[in-house]
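# could you look at this predicted model? Sequence included:
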Amino acid sequence: MSARQQRLSAPAWAGLIIAGIVVPLLFPHYMTVFAFAWCMVVLALSWDICGGQMGYNSFGNIFFFGVGMYTCAVVQRDLWHGVASGQAQLVLTAPQYLIGLGLGLVAGVVAAVALAWLLGSQILGMRGHYFAICTLGLGIAAGEIATGVDFIGAGSGMVTPLMPAGLPGKEVFYYVFFMLLALFALWLLSRLYAGRFGLALNAIRDNEDKAEAMGLPTVAYKTTAWAVSAALLALAGGGVGNLIGFIDPIDVAFAGASFGVWMILMAILGGKGTLWGPLIGAFLFYAAKEITWTYFLGWQRVMLGALIVVIVVFFPEGIMGWLRERFPARFGDTSETTTSEDRP
Amino acid sequence: MDNLLLLFQAPTILVQLVVDGLLVGAIFALAAYGMALVWGVMNIINISQGEYVILGGYISYFLYRQFGLHPLLSLPIAGLVLFLLGVLLYRLVIHRIVGRDMFISLLATFGISILLQQLMNELFGPDVVSVAVDMPTWYFLDNTVTVPTAKLLAFGVVLAIAALLVVGLRYSRLGQAIRATAQNARAARVLGVNTDRVYAATYGLNAALCGMAGSLVVMIWVIHPFIGLTYTVRSFMIVIVAGLGNLPGVFATGLGLGALEQIAGFVLGAEFQSAFVFSLLVVILIVRNAWLRRRREYLS
């Protein structure tokens, strides 16, 4: 993957932003659905940092999503009313709400990044399937532990504060939140992948031993990549907790069987290791998921299982991989030699 | 932590927990051996392991409800059904992922596990079920330690299956083909072993082992559609601690894990037992990783 293709062109940016503004105006009743669509983009992009670009396939990135969600919710709950006020639904004024949300998101990011550094220094030393299974255990263990901790509501869950009057409706507010977050993630990653960082990640994916032997500080790059991924996931988690309004440890926060698998599937469906892939995969998968969930209610998880098998077994290179194979001139994998010839 | 003190005040509780754990742990070892087999022969880690266990349990449960068949009698039936299912899944999915990136096999079998979970949920409902077998219980140490006959029988059955497996792998034609394929699939193919059939048989055998383990689980414990993953994780832990292809090691580790889990469940409280299993997985992998790093050789 050359550096050139890891950037978004100006028309692509404009198209995304215009679609992001126009589509919800056309269908205002589906605001929450669209908000989640942008959220999926963030999840898929953040999984792809390690899974696609670095070749470390994590099963448990949902861990950071849940950490961010719970940290944010705890800050929002306890900032104005003391520890565990016991109120069922918190009522805040508009400034209180915004300050609480802002601080909560920051705290979530700090917690997630700290955990990513701490755990990453141990876990990222594992190779291949050991890493995958260890992260799977991490995600599920976090959910199981959260079910037993009373401070965050244990198994009966936690309620996030109500959106106060004076602010735009919850759906609109979080639609804007997730759209900005997704665009920010795209911008950040396009900058990161275009530079030395992206090259280092790809070097680790292609041959970690060789990269290390050539003097690349692989441990630092790996933990940084995981921390970036964790920060984005924590922001998404904080938003989802507020948008849903109710945090359940296993079905919402550490939802390995929904968000956790979806983010992997979306990145693979679109084409992992590319910038566009997770974006396309997220929108496509989410649209397909919404339709399936609506018309096959009760069987949706059977569909999900079948979908995983079909995508993974028959379509592991994803849409971008297919495009690259079909139209090598437009999307082809430009090797280093051709790019150096292109340079003036 | 009150329970921890209780362990010291009344050591017979500890004895009871260890005995329970050992008897249950043998069943974990059975599923783990299947995983080691598939891992060693086909280089695939089967995440749907636990779902095969639960499915085997449900088959025994179904036969008990419909015909009053004792789980020990329906055990071969569960094994046979799961063998056929395993071969079917091999033909449909698994043969396409043998030899490919391991992550693909992880994800694909994870997909199978979600599929099976939900199908079992639709077929049998989400309730916790068990088969209450009418068997006597043995009492020891002034009636403070109890050992149900069902658990002892299950332990014996596991031993018998394990012995059969060792003999089968060593002396039967198929067992020799499996071992040859595990050592070098290419060479085996050159020498006329139909590796595709060996793979199908190995995968089916693994599913059958899990299914039989499930019949034993439903007899001495409970099952419901969504606890399969803990069996997968236990199998994985046992295999990485014991090493591939080490049946006595797998057996011993299984027993140890069973005992440890019972004690942890008692000390931490039952709601943390499954959290303990998954946390232990993370800890074992981290310790293993640190250990490997220490033993790595550097040029100085």
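Ah, there it is. Residues are numbered from 1 along each chain as shown, chains lettered A, B, ... in the order given.
# flag the shaky bits of the stretch 151-300 of chain B, pLDDT-wise.
B:296-300 (pLDDT under 70).
# and it, which of its residues are near chain A?
Residues of the stretch 151-300 of chain B found near chain A (CB under 8 Å from any CB of the partner chain) are B:229, B:233, B:236, B:240, B:269, B:271-272, B:274-275, B:278-279, B:281-282, B:285-286, B:288-290, B:293. Heads up, the C-betas are built off the backbone N, CA and C, glycines and all.
# out of the residues you listed, which sit inside helices?
Judged by DSSP state H, the subset of these located in helices is B:229, B:233, B:236, B:240, B:274-275, B:278-279, B:281-282, B:285-286, B:288-290, B:293.
# most neighbours among those, which one?
B:Phe236 (28 neighbours; other CB atoms under 10 Å in any protein chain shown).
# that residue touches B:Ile284, doesn't it?
No: with contact defined as CB atoms under 8 Å, B:Phe236 does not count as touching B:Ile284 (9.4 Å).
# strands of the chain, start to end?
Answering for chain A, as no chain was given. A:158-159, A:246-247 (DSSP state E).
# actually chain B
Using DSSP E, strands in chain B cover B:137-140, B:145-148.
# each with direction, which strands does the last one pair with?
Note on strand B:145-148: by DSSP bridges, its sheet partners are strand B:137-140 (antiparallel).
# check the offset of the strand it pairs with from the chain's centre.
27 Å (CA atoms, centre = their mean, to the nearest Å).
# which positions in the stretch 101-250 of chain A make contact with chain B?
Going by CB under 8 Å from any CB, the residues of the stretch 101-250 of chain A near chain B are A:122-123, A:125-126, A:128-130, A:132-134, A:137-138, A:140-141, A:144-145, A:147-148, A:155.
# before we move on, the earlier item: which of the strands of chain B is buried the deepest?
Comparing the strands of chain B by mean neighbour count (mean count of other CB atoms under 10 Å in any protein chain shown), strand B:145-148 ranks first with a mean of 16.
# of the strands of chain B, which is nearest B:Leu244?
strand B:145-148 (32.6 Å; CB to CB).
# contacts for that closest one?
B:Thr12, B:Val15, B:Gln16, B:Val19, B:Leu23, B:Met135, B:Thr137, B:Trp138, B:Tyr139, B:Phe140, B:Ile220 (CB atoms under 8 Å, 6 or more residues apart in numbering or on different chains).
# pull it out as CSV, backbone CA atoms only.
This file holds the C-alpha atoms of strand B:145-148, laid out as CSV (Å, rounded to 0.1, in the frame of the first residue of the first chain):
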residue,chain,number,x,y,z
VAL,B,145,-17.6,-34.5,51.8
THR,B,146,-20.1,-35.9,49.3
VAL,B,147,-19.3,-37.6,46.1
PRO,B,148,-22.3,-38.3,43.8
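# pLDDT on that strand, on average?
If you average the pLDDT over strand B:145-148, you get 82.
# what about that strand, distance to the chain center?
Counting by CA atoms, centre = their mean, strand B:145-148 comes out at 23 Å from the chain centroid.
# likewise for stretch B:5-21?
25 Å.
# one more: stretch A:274-294?
13 Å.
# anything in it near chain B?
No: Stretch A:274-294 does not reach chain B (CB under 8 Å from any CB); its nearest approach is 13.2 Å.
# list the residues that contact the residue nearest to A:Gly52 when sequence neighbours are not counted.
Distance criterion CB to CB, 6 or more residues apart in numbering or on different chains; nearest residue to A:Gly52, sequence neighbours excluded, is A:Lys272 at 3.3 Å. A:Lys272 makes contact with A:Asp48, A:Gly51, A:Gly52, A:Pro278, A:Gly318 under the criterion CB under 8 Å, 6+ apart.
# so what's residue 40 up against?
You didn't say which chain, so I picked chain A. A:Trp262, A:Met263, A:Met266, A:Ala282, A:Phe283, A:Phe285, A:Tyr286.
# actually chain B
B:Gly40 neighbours (CB under 8 Å, 6+ apart): B:Ala182, B:Leu244, B:Gly245.
# worst mean pLDDT across the helices and strands of chain A, which element?
helix A:336-342 (a mean of 41; mean pLDDT, DSSP states H and E).
# where does pLDDT dip in the stretch 201-344 of chain A?
For the stretch 201-344 of chain A, the ranges with pLDDT under 70 are A:330-344.
# which residues of it fall in helices?
A:208-213, A:218-244, A:261-270, A:276-295, A:300-314, A:318-326, A:328-331, A:336-342 (DSSP state H, counting those that start in this stretch).
# so of those, which one's packed in deepest?
Highest mean neighbour count among the helices of the stretch 201-344 of chain A (mean count of other CB under 10 Å): helix A:261-270, a mean of 27.
# can I get the CA coordinates of it in CSV?
C-alpha atoms of helix A:261-270 as CSV (Å, rounded to 0.1, in the frame of the first residue of the first chain):
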residue,chain,number,x,y,z
VAL,A,261,-17.6,-8.7,16.1
TRP,A,262,-19.1,-6.1,13.8
MET,A,263,-16.1,-3.9,13.9
ILE,A,264,-13.9,-6.7,12.7
LEU,A,265,-16.4,-7.8,10.1
MET,A,266,-16.8,-4.2,8.8
ALA,A,267,-13.1,-3.7,8.4
ILE,A,268,-12.7,-7.1,6.6
LEU,A,269,-15.7,-6.6,4.4
GLY,A,270,-14.4,-3.2,3.2
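# which strands or helices does it pack on?
Other elements packing on helix A:261-270 under the criterion 3 or more CB pairs under 8 Å, 6 or more residues apart in numbering or on different chains; DSSP states H and E are helix A:31-48, helix A:276-295, helix A:300-314, helix A:318-326, helix B:102-124.
# for A:Pro168, which of those is the nearest?
helix A:31-48 (10.5 Å).
# in that closest one, which residues are buried?
By 16 or more other CB atoms under 10 Å in any protein chain shown, the buried positions in helix A:31-48 come out as A:31, A:34-48.
# for stretch B:65-81, same thing?
B:Leu69, B:His70, B:Pro71, B:Leu72, B:Ser74, B:Leu75, B:Ile77, B:Ala78, B:Gly79, B:Val81.
# circling back to that earlier point, quick one: buried ones out of the residues of the stretch 101-250 of chain A next to chain B?
Buried among these (16+ other CB under 10 Å): A:122-123, A:125-126, A:129-130, A:132-134, A:137-138, A:140-141, A:144-145, A:147-148.
# could you list which of the residues you listed belong to helices?
Using DSSP H, those in helices are A:122-123, A:129-130, A:132-134, A:137-138, A:140-141, A:144-145.
# surely A:Gly239 meets A:Phe177?
Yes: A:Gly239 is in contact with A:Phe177 according to CB under 8 Å; the separation is 5.3 Å.
# the contacts of A:Lys272: which two are farthest apart?
A:Gly51 and A:Gly318 (11.8 Å).
# now do the shared contacts for those two.
A:Ala267, A:Lys272.
# name the nearest residue to B:Val129, ignoring sequence neighbours.
Going by CB to CB, 6+ apart, B:Val129 has B:Tyr61 as its nearest residue, at 5.4 Å.
# B:Pro225 is in contact with the one you found, correct?
No: with contact defined as CB under 8 Å, B:Tyr61 and B:Pro225 do not form a contacting pair (11.7 Å).
# shared neighbours of those two, anything?
B:Phe124.
# off-centre distance for stretch A:139-154?
Counting by CA atoms, centre = their mean, stretch A:139-154 comes out at 21 Å from the chain centroid.
# that one spans what distance, first to last residue?
16 Å (CA to CA, to the nearest Å).
# what lies in contact with it?
Contacts for stretch A:139-154 (CB under 8 Å, 6+ apart): A:59-63, A:66-67, A:70, A:73-74, A:84, A:155, A:158, A:247, A:249-250, A:253-256, A:260, B:229, B:233, B:269, B:271-272, B:274-275, B:278-279, B:281-282.
# middle-most residue in chain A, spatially?
Most central in chain A under CA atoms, centre = their mean is A:Leu43, positioned 1.8 Å from the mean C-alpha point.
# I am finished for the moment; much appreciated.
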